[in-house]
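In: need a structure here:
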Amino acid sequence: MSDKRTGRNEKADYGDGIADVFDTWYGEESDSDCLSALSKLADGGPVLELGVGTGRVAVPLAASGLAVTGVESSREMIDRLAGKPGAERVAVVEGDLADVPVDGEFSLVTCVDNTLFLLESQAEQVRCFTNVARHLRPGGVFVVEVPARVPRMDEDEQQGVFVEHVGAERVGLWVVEHDRAGQRMFMQQISFENGSVRLLPVPVRYAWPAELDLMAQIAGLRLRHRWSGWDGAAFTSQSVHNVSVYERIEDHVDLP
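Out: Numbers count the residues shown, from 1 in each chain. You can find the predicted model right below:
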């Protein structure tokens, strides 16, 4: 794994706090539907992953023969990635994903696992879209995976507690404070494990599909596909997940 450092920022805090257990909690690799869909969208070309984390997406994509670069703000996540077999195939840049601090153009730029919403303002999210567009090859795509819903709370409530995981050795909770007007949530991920308690604060700024599409338009991109999951199922008003595929406007071809 090659590693270029461009400086830390506060977005690293969540990654640093969860890096040692991330793969244990969520798996060493992303699910097969995700990896298959991204591989097809890359179409053999170079891939850039924003928020590469421990390499759950990047390492298997690189193992399939794709040239993969990852951007990550968390030093601890990068160190975890570096210790994995096959990590030497992934070029890693330490930096802010909104800056897209890399050189070159890519056939696929991807930002999965809700990572886009860790950018805490609309301006940062638009900056991310705009910088991605500058790094897309002709015919390239930008793939975003985010929630299609926010946690359900009564309209007069601003706080809630949600169960993430219940097991013999660990119980995981999310405690959420919701600012509907600002489209923001401050969440504490709380894990009880082997007599210890781990608190992981996670501020997020969410956006609905129409707003994401407008961000893309500002950046010179437009929607090619929107799915409710990596299996390509149609996106509906009942969808829980939003997988959106954007292309450069000048590359758009109307489908028959």
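In: Name the residues that touch the helix or strand where Ile18 lies?
Out: Secondary structure from DSSP states H and E places Ile18 in helix 12-26. Outside helix 12-26, the residues within contact range by Cβ atoms under 8 Å, 6 or more residues apart in numbering are 53-54, 56, 72-77, 79-80, 118, 165, 170, 172, 189, 191, 198, 200-202. Yep, even glycine has a C-beta here, placed from its N, CA and C like the rest.
In: now with 10 Å?
Out: With contact meaning Cβ atoms under 10 Å, 6 or more residues apart in numbering, helix 12-26 is reached by 8, 28-29, 51, 53-56, 72-81, 84, 94-96, 113, 115, 118, 164-165, 170, 172, 187, 189, 191, 193, 198-204.
In: In strands only, show me those residues.
Out: Counted as lying in strands by DSSP state E, out of those, are 72, 94, 164-165, 170, 172, 187, 189, 191, 193, 198-204.
In: Give me the PyMOL select line for the residues you listed, limited to the buried ones.
Out: Here is the PyMOL selection string for the buried members of the ones in strands among the contacts of helix 12-26, based on 16 or more other Cβ atoms under 10 Å:
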select buried, resi 72+94+170+172+187+189+191+193+200+202+203+204
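In: can you pull out the strands in the stretch 101-250 of the chain?
Out: Applying DSSP state E, counting those that start in this stretch to the stretch 101-250 of the chain gives strands spanning 106-111, 136-147, 159-166, 170-179, 184-193, 196-205, 221-227, 241-248.
In: what angle separates the fifth one from strand 170-179?
Out: With axes from the mean of the first three to the mean of the last three Cα atoms, to 10 degrees defining the directions, strand 184-193 sits at 170 degrees from strand 170-179.
In: Show me what strand 184-193 is packed up against.
Out: On a contact count with 3 or more Cβ pairs under 10 Å, 6 or more residues apart in numbering; DSSP states H and E, strand 184-193 meets helix 12-26, strand 159-166, strand 170-179, strand 196-205.
In: For Thr130, which of those is the nearest?
Out: strand 196-205 (16.7 Å; Cβ to Cβ).
In: so what does the closest one touch, helix or strand wise?
Out: helix 12-26, helix 122-134, strand 170-179, strand 184-193.
In: Give me the residues contacting the third one.
Out: With Cβ under 10 Å, 6+ apart as the test, strand 170-179 has contacts from 21, 24-25, 150-151, 153, 157-166, 184-194, 198-206.
In: Can I get that strand as PDB, trimmed to CA atoms?
Out: Listed next in PDB are the C-alpha coordinates belonging to strand 170-179 (Å, rounded to 0.1, in the frame of the first residue of the first chain):
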ATOM      1  CA  ARG A 170     -21.900  -7.000  22.500                       C
ATOM      2  CA  VAL A 171     -24.900  -4.600  22.600                       C
ATOM      3  CA  GLY A 172     -24.900  -1.600  20.300                       C
ATOM      4  CA  LEU A 173     -27.100   1.400  20.500                       C
ATOM      5  CA  TRP A 174     -27.500   4.700  18.500                       C
ATOM      6  CA  VAL A 175     -28.600   7.700  20.600                       C
ATOM      7  CA  VAL A 176     -29.800  10.400  18.200                       C
ATOM      8  CA  GLU A 177     -30.600  14.100  18.500                       C
ATOM      9  CA  HIS A 178     -32.400  15.300  15.300                       C
ATOM     10  CA  ASP A 179     -32.500  18.800  13.900                       C
END
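In: give me the number of residues near the residue nearest to Asp79 when sequence neighbours are not counted?
Out: The shortest distance from Asp79 to any non-neighbouring residue, by Cβ to Cβ, 6 or more residues apart in numbering, is to Ala19 (7.3 Å). Counted with other Cβ atoms under 10 Å, the neighbours of Ala19 add up to 21.
In: begin at 17 from here
Out: Sure, I'll start counting at 17 from here, so that last one is Ala35.
In: Model confidence for Ala35, exactly?
Out: pLDDT for Ala35: 91.
In: on that earlier part again, what would the strands of the stretch 117-266 of the chain look like in CSV with distance to Leu54?
Out: Converted to CSV, these look like this (distance: least, Cβ to Cβ, whole Å):
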stretch, distance to Leu54
strand 122-127, 6
strand 152-163, 7
strand 175-182, 25
strand 186-195, 27
strand 200-209, 26
strand 212-221, 23
strand 237-243, 12
strand 257-264, 10
